[in-house]
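# Please find the sequence and the predicted model below.
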2 protein chains.
Amino acid sequence: MASVQYLGIDVGGTNVKMGVIDAKSGKITNFYSHDTDSWRESGHFMDQFADAIAVELYANKEVKKVGIGLPGMINRERTTPLEITAIPELNGVPMVDILTKRFPDVEFFLENDANAAALGEFYFVEDMNDENYIFITLGTGVGGAAIISKKVFVGGDGNAMEPGHIPSRNGKVLERNIGKKELLELAVARRASYKGQTTLPADGSISTTGLVAAAAEGDALALAIWGEVGDMLGEGLVSLVRILDIKQILIGGGLSASFDYIMPAVTKQLDYWLTPYYKDGLKVTRATLGNDAGLLGAASLCF
Amino acid sequence: MASVQYLGIDVGGTNVKMGVIDAKSGKITNFYSHDTDSWRESGHFMDQFADAIAVELYANKEVKKVGIGLPGMINRERTTPLEITAIPELNGVPMVDILTKRFPDVEFFLENDANAAALGEFYFVEDMNDENYIFITLGTGVGGAAIISKKVFVGGDGNAMEPGHIPSRNGKVLERNIGKKELLELAVARRASYKGQTTLPADGSISTTGLVAAAAEGDALALAIWGEVGDMLGEGLVSLVRILDIKQILIGGGLSASFDYIMPAVTKQLDYWLTPYYKDGLKVTRATLGNDAGLLGAASLCF
């Protein structure tokens, strides 16, 4: 007998992705992706979104639970998006009510996408046994979530964990220091100081992939940039650990490819600021799910 | 008929205070205080502590619940202190087990003192209706707690909310910037720049009471110091709000006497760093219980 199947939906600013996920194996089938903009431009985002769900549910009649990850803030009851910057059409739309009315025998679960991705690590990573962990995503911005006792920590009003927006160095929030764009600008700005010690292009065309590859080959500039990123990330993590008393940290997101090169600085900062109570058992690891984190995270809302 | 009576115990580094608290009115009777050091020096802290409880319980036979606030870290099950810097004799002592064995018909509740004081604001302040709030204590250090859905937020491993130890300006944690000793040092250091604009003594004998009084009279140096304190506190609060999504903040502790003089800078920082989602409904007020916060907080653990 086949195990339970869930529909996972990852609503992103670029694409809306859907897939049927096997609850046991995490295998994804019936994958479908649609670009977000054309639904937005149609003026009927919610209708087109629901139509796409209808197609998936029709083709997969055993699916009775649907998890949806959204890139923004949601009300505490997890029924209505409040502030989805990339898709403002959804703000205030009672999505769960609308979908439940249209598909009365199906349950819908709404969650912030970083929260969902964090939860996915618990349900779909085999050797993941931590019931409490901080999950950080490094990319264009710095996102995050906390899982406490296997549940998403929603805080007071439902939208806890915006680590990218805590005050950091240079009078900026953390993600305006170590976001993708900012760290590339930093690499350009620092290049002059590393003449002869770097093979990175001088024409401003440095990419984050290039920065990771160069660090792997010992490039001094690349290592310095990831070191600065690690220092600032590490300081931010100290605040999270002190406020949440969680000692397991997972680093995910596209820029977590830099994990090996930011970790020396991250470790140095954690070691500098924290006391033995926290350092005993402190563990920073790279998140596992990678590209499938969005869909698997959404599906994990159905557990 | 009299309402329910609880025994509240505030274990501090200087004194251990006890009192019978009326659950309805918060009225404190049978107040007893003993200096902490002499119990420590006896080598039998726990025995002497339990003896003092015995005396209170014998005199107040209607008391069946005892709340105890401790200045440090406690295990997640709230039975055993882990790290009480001021009274290390208690580290690892299974207090709740010991007390329950000695007083089998009485229930004991252990909690961190800042957490207890925060909860006290909910149960003993008449017009306090917020179910979520951040509670900050300003004094020698900067303590804190978060109440979420009327419950103490314990985080992952039981000891959440150490806002005094998040990284702040000057490469220091927040409480090493704005603790009592540090802000007095700051006042001494800044004094030369305020010649003729301050009536504060030049001999290094400035007190925090003096700094508050001087600010009340418009003293430029005093206002500048509280402004700096407010700036750094405000930045710390931004991190808390972003991580916890709580928009009600209570400021307590001895140095909250400076509330009116730190608030302009606190408000400026919150306004600078936060977005409309947070600013809508954001409220910073002074905690109400004052000197009785410790005892009433401990009693509130019995609710």
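Yes, it's here.

# Near chain B, which residues of chain A are found?
Taking C-beta under 8 Å from any C-beta of the partner chain as the test, the list of chain A residues beside chain B reads A:73, A:82-83, A:132-133, A:146, A:148, A:154-163, A:165-167, A:173, A:235, A:238-240, A:242-248, A:273, A:277. Backbone N, C-alpha and C define where each C-beta goes, glycine included.

# Remind me what the helix or strand containing A:F122 packs against, helices and strands.
For A:F122, the enclosing helix or strand under DSSP states H and E is helix A:113-124. Applying 3 or more C-beta pairs under 8 Å, 6 or more residues apart in numbering or on different chains; DSSP states H and E, one finds that helix A:113-124 contacts strand A:5-11, strand A:65-70, strand A:133-138, strand A:142-148, strand A:151-152, strand A:248-252, helix A:293-300.

# Not counting its neighbours along the chain, what's nearest the residue nearest the centre of chain A?
For chain A, the residue whose C-alpha lies nearest the mean C-alpha position (C-alpha atoms, centre = their mean) is A:A114; its distance is 3.9 Å. For A:A114, the nearest residue in space outside its immediate sequence neighbours is A:G143; the separation is 4.1 Å by C-beta to C-beta, 6 or more residues apart in numbering or on different chains.

# From the residues of chain A next to chain B, which land in helices?
Mapping these onto helices (DSSP state H) picks out A:235, A:238-240, A:242-244, A:273, A:277.

# Dump those to TSV, plus pLDDT.
As requested, these are arranged in TSV below (pLDDT from 0 to 100):
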residue	pLDDT
A:E235	98
A:V238	98
A:S239	98
A:L240	98
A:R242	97
A:I243	98
A:L244	98
A:W273	97
A:Y277	89
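
# With neighbour count and distance to A:G179 as extra columns, can I get those in JSON lines?
Written out in JSON lines, the entries for those read as follows (neighbours: other C-beta atoms under 10 Å in any protein chain shown; distance: C-beta to C-beta, whole Å):
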{"residue": "A:E235", "neighbour count": "23", "distance to A:G179": "16"}
{"residue": "A:V238", "neighbour count": "21", "distance to A:G179": "19"}
{"residue": "A:S239", "neighbour count": "28", "distance to A:G179": "18"}
{"residue": "A:L240", "neighbour count": "21", "distance to A:G179": "17"}
{"residue": "A:R242", "neighbour count": "27", "distance to A:G179": "23"}
{"residue": "A:I243", "neighbour count": "27", "distance to A:G179": "22"}
{"residue": "A:L244", "neighbour count": "28", "distance to A:G179": "22"}
{"residue": "A:W273", "neighbour count": "21", "distance to A:G179": "22"}
{"residue": "A:Y277", "neighbour count": "17", "distance to A:G179": "32"}
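
# ok, of the residues you listed, which one's closest to B:F45?
For these, the minimum distance to B:F45 (C-beta to C-beta) is 21.1 Å, reached by A:Y277.

# Give me the nearest residue to that closest one, chain neighbours excluded.
In space, not counting the residues next to it along the chain, A:Y277 is nearest to B:E83; the distance is 5.6 Å by C-beta to C-beta, 6+ apart.

# A:S25 too?
Nearest non-adjacent residue to A:S25 (C-beta to C-beta, 6+ apart): A:S3, at 7.3 Å.

# Surely the one you found is in a helix?
No. Secondary structure of A:S3 (DSSP: H, G, I helix; E, B strand; the rest coil): coil, not part of a helix.

# circling back: give me the buried subset of the residues of chain A next to chain B.
Buried positions within those, assessed by neighbour count (16 or more other C-beta atoms under 10 Å in any protein chain shown), are A:73, A:82, A:132-133, A:146, A:148, A:154-163, A:165-167, A:173, A:235, A:238-240, A:242-248, A:273, A:277.

# Ramachandran coordinates for the residue in chain A sticking out farthest from the centre?
Computed with C-alpha atoms, centre = their mean, the residue of chain A farthest from its C-alpha average is A:G196, at 36.7 Å. Backbone geometry at A:G196, expressed as degrees, to the nearest 10, gives phi 80, psi -10.

# who's in contact with the spatially closest residue to A:V142 that is not a sequence neighbour?
Leaving aside its chain neighbours, A:V142 sits nearest to A:G164 (3.5 Å; criterion: C-beta to C-beta, 6+ apart). A:G164 is in contact with A:141-144, A:173-175, A:179, counting by C-beta atoms under 8 Å, 6 or more residues apart in numbering or on different chains.

# Show the pLDDT at A:G164.
Among the per-residue scores, A:G164 shows a pLDDT of 95.

# hang on, the earlier thing: which residues are in contact with the residue nearest to A:Y277?
A:277, B:72-73, B:91.

# Export those residues as CSV, with columns for distance to B:L221.
As requested, the contacts of B:E83 are arranged in CSV below (distance: C-beta to C-beta, whole Å):
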residue, distance to B:L221
A:Y277, 38
B:G72, 35
B:M73, 37
B:N91, 42
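
# on that earlier part again, any chance of the helices and strands packed on helix A:113-124 in TSV, plus mean pLDDT?
Below are those laid out as TSV (pLDDT from 0 to 100):
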stretch	mean pLDDT
strand A:5-11	97
strand A:65-70	98
strand A:133-138	96
strand A:142-148	95
strand A:151-152	94
strand A:248-252	96
helix A:293-300	96
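
# Please identify the deepest-packed of the ones you listed.
Mean neighbour count, computed with mean count of other C-beta atoms under 10 Å in any protein chain shown, is highest for helix A:293-300 among the helices and strands packed on helix A:113-124, reaching a mean of 29.

# Identify the residues contacting that one?
Contact with helix A:293-300 is made by A:6-10, A:12, A:17-19, A:21, A:23, A:26, A:28, A:31, A:67-69, A:111, A:113, A:115-124, A:252, A:287, A:289, as judged by C-beta under 8 Å, 6+ apart.

# switch the cut-off to 6 Å
With C-beta atoms under 6 Å, 6 or more residues apart in numbering or on different chains as the contact definition, helix A:293-300 has outside contacts at A:6, A:8-10, A:17, A:19, A:21, A:26, A:28, A:67-69, A:116-117, A:119-120, A:123-124, A:289.

# cool, stretch A:129-136 as well?
Under C-beta under 6 Å, 6+ apart, the answer for stretch A:129-136 is A:118, A:144-150, A:240, A:246, A:248-251, B:156.

# Dump that stretch to CSV, keeping only the CA atoms.
As requested, the backbone C-alpha atoms of stretch A:129-136 are provided in CSV (Å, rounded to 0.1, in the frame of the first residue of the first chain):
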residue,chain,number,x,y,z
ASN,A,129,16.3,14.5,15.7
ASP,A,130,16.5,17.9,17.2
GLU,A,131,13.2,19.2,18.4
ASN,A,132,14.5,22.7,18.8
TYR,A,133,16.5,24.5,16.1
ILE,A,134,17.1,27.9,14.5
PHE,A,135,16.9,27.8,10.7
ILE,A,136,18.6,30.6,8.7
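
# Now find how far off-centre it is within its chain.
Chain-centre distance of stretch A:129-136: 13 Å, with C-alpha atoms, centre = their mean, to the nearest Å.

# A:V284 belongs to a strand, doesn't it?
Yes. Following the definition three-state DSSP, A:V284 is counted among the residues of a strand.
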